[in-house]
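Asker: here is a sequence with its predicted model. Questions after.
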Amino acid sequence: MDEITLFLLLAILGFVAGIVNTLAGGGSLLTLPMLIFMGLPPAVANGTNRIGILVQGITSIAGFKSKGIQPSVFGVYLGISALIGSIIGAQIAVDIKGETFNKVLAIIMVMVVFFMVFKPKLNIENVKERTHGKYLWLSLVIFFFIGIYGGFIQAGVGIFILLALTSINTTNLISANAIKVLVVCIYTIGALVIFIYNEHINYLYGIVLATGNATGGWIASRWAVKKGDGIVKVFLIIMVIAMAVKLWFDS
């Protein structure tokens, strides 16, 4: 496969990932293995993926804002907590061996997809949000650990953020999605700094990926939250299982 075709495929997967990440989470399950398959060392692929995530976060926030949906200061607090954790997680990712990272990624990919399929459906339409007092402090602790995970590997972190927001804070899905993209955008800055400092970035691949991520994120942030969820889920299951098998046996 020639380089132009690979770049086009990377941009297309970035577009799909931008949609998936904004609607729920798990888009990096597609882009991260693709970057590895394009020849980047696992740690460099992990760092390069963050360029797309950051740009996507910015466009997604703008998309939500254009529809009148803005996360509160509560989202900023969670983002700062996750930012601290992400610095730790990114440093772990930089230090881990490539073969080990591939196997960890393969296991996480399958686990996240399994969780996506079997996670419980929550109905919180008319429940009051819990964003103060003990719920705030509990969320700050949980988002610190979410930040560690996000800084380490990113894949599927949006799903865990939505689960925390809807179960602990009883936030409705639209608001939770807006908070999610803000939190990811904030903590990705910290993770990206670590990867840049350790020279684990391919800027050309990152820019190509970011064009797709940004476009998908902008479009998805303006959609109704529940549209297309079934199709996205089936597509992710097929692609992730195939890529996980290849990652495991190629490492």
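Answerer: Structure's in. What do you need?
Asker: can you give me the helices for the stretch 51-200 of the chain?
Answerer: Assigned by DSSP state H, counting those that start in this stretch, the helices in the stretch 51-200 of the chain fall at 73-95, 98-118, 134-152, 157-167, 173-197.
Asker: worst average pLDDT in those helices?
Answerer: Across the helices of the stretch 51-200 of the chain, helix 98-118 has the smallest mean pLDDT, namely a mean of 70.
Asker: nearest to residue 34, out of the helices of the stretch 51-200 of the chain?
Answerer: helix 98-118 (12.1 Å; CB to CB). The way it works is simple: take the backbone N, C-alpha and C, and place the C-beta from them, glycine included.
Asker: picking that back up, could I get the helices of the stretch 51-200 of the chain as CSV with distance to residue 36?
Answerer: CSV is the format used below for these (distance: least, CB to CB, whole Å):
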stretch, distance to residue 36
helix 73-95, 13
helix 98-118, 7
helix 134-152, 16
helix 157-167, 18
helix 173-197, 15
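Asker: pick the most buried one from those helices.
Answerer: Stretch with highest mean neighbour count among those: helix 173-197 (a mean of 23; mean count of other CB atoms under 10 Å).
Asker: so which elements touch that helix?
Answerer: Judged by 3 or more CB pairs under 8 Å, 6 or more residues apart in numbering; DSSP states H and E, the packing partners of helix 173-197 are helix 3-23, helix 42-66, helix 73-95, helix 134-152, helix 157-167, helix 203-221.
Asker: just how off-centre is that helix within its chain?
Answerer: 8 Å (CA atoms, centre = their mean, to the nearest Å).
Asker: kindly report the same for stretch 207-226.
Answerer: Averaging C-alpha positions (CA atoms, centre = their mean) puts stretch 207-226 12 Å from its chain's average.
Asker: was I right to think residue 148 contacts residue 90?
Answerer: No: here residue 148 does not reach residue 90: they are 9.1 Å apart, not a contact under CB atoms under 8 Å.
Asker: now the helices and strands packed on helix 173-197 in TSV, with distance to residue 182?
Answerer: Formatted as TSV, the helices and strands packed on helix 173-197 follow (distance: least, CB to CB, whole Å):
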stretch	distance to residue 182
helix 3-23	12
helix 42-66	6
helix 73-95	4
helix 134-152	12
helix 157-167	10
helix 203-221	11
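Asker: would you mind saying which of those helices lies nearest residue 29?
Answerer: With CB to CB as the criterion, residue 29 lies closest to helix 3-23 of the helices and strands packed on helix 173-197, at 8.2 Å.
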